[in-house]
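Participant: what's the 3D shape of this:
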Amino acid sequence: LVDAVRESAVDLEKIVTTDLPEAMQNMTAEQRQQYVREKTEQRQTIQQQIADLNEQRKTYIAQEMKKRGDSNHSTLGAAVIQAVRQQAEKKNFAMPPQTQPAANSPATQPAAGS
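Facilitator: From the prediction side, this is the model:
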C-alpha cells in the first residue's frame, strides 16, 4: 500500500474500505494519510539500516579475507567458478576475465547455519 500510494496507483480517499488492511478500515481519510506517511518513514529508516549493515558486512568480510590472506582460489565458490570456466572454455565459450568476487557475491557469503 505504501508503494502504491507513493506511485499514485492508489488514492486513499477513493479506495474501497474492505480493500484496506484491517487496522486502517475504521480510519478517516486524514488518519489513513498519516498512517501511510508513518509507515513510509518507518520503511525508509529500516531500508537505511539495512544498507548500513550491508556496508558493515562487506567491510568485515573484506577485512577477514585480508587478515586470513585468502586468495580468490581458496574458497569453494572460487573453485566452482574455476571449474565452470574451464568447462566453458573447452566448449569454446568466450568468458570475461576472472576478477575477485564482490563482497556480496555467493562466493563470499557465509554458509547457512554459520
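
Participant: Would you mind pulling up the elements that the longest helix along the chain packs against?
Facilitator: When the chain is parsed with DSSP state H, its longest helix is helix 29-68. Here helix 29-68 touches helix 2-6, going by 3 or more CB pairs under 8 Å, 6 or more residues apart in numbering; DSSP states H and E. Any C-beta I mention is one placed from the backbone N, CA and C, and that applies to glycine too.

Participant: Which secondary structure elements does the helix it packs on sit against?
Facilitator: Counting by 3+ CB pairs under 8 Å, 6+ apart, helix 2-6 packs on helix 29-68.

Participant: In the helix it packs on, which residues are buried?
Facilitator: By neighbour count with 16 or more other CB atoms under 10 Å, helix 29-68 contains the buried residues Arg32, Tyr35, Val36, Ile61, Met65.

Participant: In TSV, list those residues along with distance to Ile81.
Facilitator: Below are the buried residues of helix 29-68 laid out as TSV (distance: CB to CB, whole Å):
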residue	distance to Ile81
Arg32	50
Tyr35	48
Val36	45
Ile61	17
Met65	16
